[in-house]
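S.K.: Next come a sequence and a model predicted from it.
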Amino acid sequence: MTMRQIIATIPSWSPLYPLGIHEFRDTKNVTLLCRTRPGLVGELLPYPLTGGGDYLRVKWSRVGKVVDRTDLYNMEFILPCSWNGEAGSHVPLEYIADDMGLCVGREVFAWPKKGGEIVWEEDGEGRIHLECRRGGHTLITTDFTPGDPGAVEWPAGGPTFQVRHLTTPHEDVPVTAETIRLEFPGRTLRPPVFGAATLELHDGPGDPLEFLGPLEVVAARIDFTDFDFGPGVVVDQSEISR
């Protein structure tokens, strides 16, 4: 057993997730491109990331298989950002219906994740109804209908930058912020399906989401991908006073 195994898994003899690259296969993403109010993106980005525009993406995902799991569901908000002059994306919040994904995503890759119940319903015409629930409260609702792609130019995603805060119980010890740069090598399974979508946000106990609005959905699409999820690279470390 290596030191990396001891550090990365708790307990080391019965880990919740395996080490190494996680291969995501047969992933279906419903993504909404939304226009935000001016300044919202900058408010949500952690230091040292800076904003990259007044829009965000809302992405719902069904993962066919990863590790020993099948049919995993999650949804996430994705912001445009920049680190050290490089444009990319940042996930400020994700809801996921799987304990392995919740743990490894938060603790290793610094995705701010919460557990949630994801409803994913499709009909024979390609329409998809989506809901995210937590603690008995419906927080997010989307309805997707296939249709005209429109004239909207989708922004490039770039690498993902996440920020992990390392802290201790002692209030006089500064928080260390690690910026992690991640890429997801993979391939597209088949061409995207474009269409139109709606989005509703509601507050729940401990889940303030309505302040994100108003969000105007300007485009929607479905993508089908395989990709590999590696550990990423720590590209920056800085101390933040409490």
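M.R.: Perfect, I can see it now. None of the values given here were measured: they were computed from a predicted structure. Residues are numbered from 1 along each chain as shown.
S.K.: After the helix or strand bottoming out on mean pLDDT in the chain, which helix or strand is next?
M.R.: Among the helices and strands of the chain, helix 3-8 carries the lowest confidence by mean pLDDT, DSSP states H and E, at a mean of 46. Note on helix 3-8: by DSSP states H and E, the next helix or strand toward the C-terminus is strand 22-35.
S.K.: partner strands of that following strand, parallel or antiparallel?
M.R.: Sheet pairing of strand 22-35 (DSSP bridges) gives strand 55-66 (antiparallel), strand 216-229 (antiparallel).
S.K.: Looking at the ones you listed, which one is packed in the most?
M.R.: strand 55-66 (a mean of 20; mean count of other Cβ atoms under 10 Å). (Each C-beta comes from the backbone N, C-alpha and C, glycine too.)
S.K.: tell me the average confidence for it?
M.R.: Computed over strand 55-66, the mean pLDDT rounds to 95.
S.K.: C-terminal to it, what's the next element?
M.R.: Remark: after strand 55-66, the chain's next helix or strand is strand 69-83, criterion DSSP H and E.
S.K.: Could I get the buried residue list for that following strand?
M.R.: Judged by neighbour count (16 or more other Cβ atoms under 10 Å), strand 69-83 contains these buried residues: Leu72, Tyr73, Asn74, Met75, Glu76, Phe77, Ile78, Leu79, Pro80, Cys81, Ser82, Trp83.
S.K.: Next: stretch 188-200.
M.R.: Buried-residue list, stretch 188-200, by 16+ other Cβ under 10 Å: Val193, Phe194, Gly195, Ala196, Ala197, Leu199.
S.K.: Dump those to TSV, plus secondary structure.
M.R.: Shown next, in TSV, are the buried residues of stretch 188-200 (DSSP: H, G, I helix; E, B strand; the rest coil):
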residue	secondary structure
Val193	strand
Phe194	strand
Gly195	strand
Ala196	strand
Ala197	strand
Leu199	strand
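S.K.: Could you point out the longest helix of the chain?
M.R.: helix 99-107 (DSSP state H).
S.K.: Skip the chain neighbours and tell me the closest residue to Ile222.
M.R.: In space, and not counting its chain neighbours, Ile222 is closest to Val193: 4.2 Å by Cβ to Cβ, 6 or more residues apart in numbering.
S.K.: So for the chain, the centremost residue is which one?
M.R.: In the chain, the residue lying closest to the centroid (Cα atoms, centre = their mean) is Glu76, at 3.9 Å.
S.K.: quick one, what contacts that one?
M.R.: Val58, Lys59, Ser61, Val91, Leu93, Glu94, Tyr95, Trp111 (Cβ atoms under 8 Å, 6 or more residues apart in numbering).
S.K.: Turn those into JSON lines, including distance to Ile128.
M.R.: JSON lines is the format used below for the contacts of Glu76 (distance: Cβ to Cβ, whole Å):
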{"residue": "Val58", "distance to Ile128": "13"}
{"residue": "Lys59", "distance to Ile128": "13"}
{"residue": "Ser61", "distance to Ile128": "12"}
{"residue": "Val91", "distance to Ile128": "21"}
{"residue": "Leu93", "distance to Ile128": "21"}
{"residue": "Glu94", "distance to Ile128": "19"}
{"residue": "Tyr95", "distance to Ile128": "17"}
{"residue": "Trp111", "distance to Ile128": "23"}
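S.K.: between these, which is nearest Asp143?
M.R.: Val58 (12.5 Å; Cβ to Cβ).
S.K.: Enumerate the beta-bridge partners assigned to the residue lying closest to Thr31 once chain neighbours are set aside.
M.R.: Nearest non-adjacent residue to Thr31, counting by Cβ to Cβ, 6+ apart: Lys59, 4.6 Å away. Per DSSP bridges, the residues bridged to Lys59 are Thr31, Glu76.
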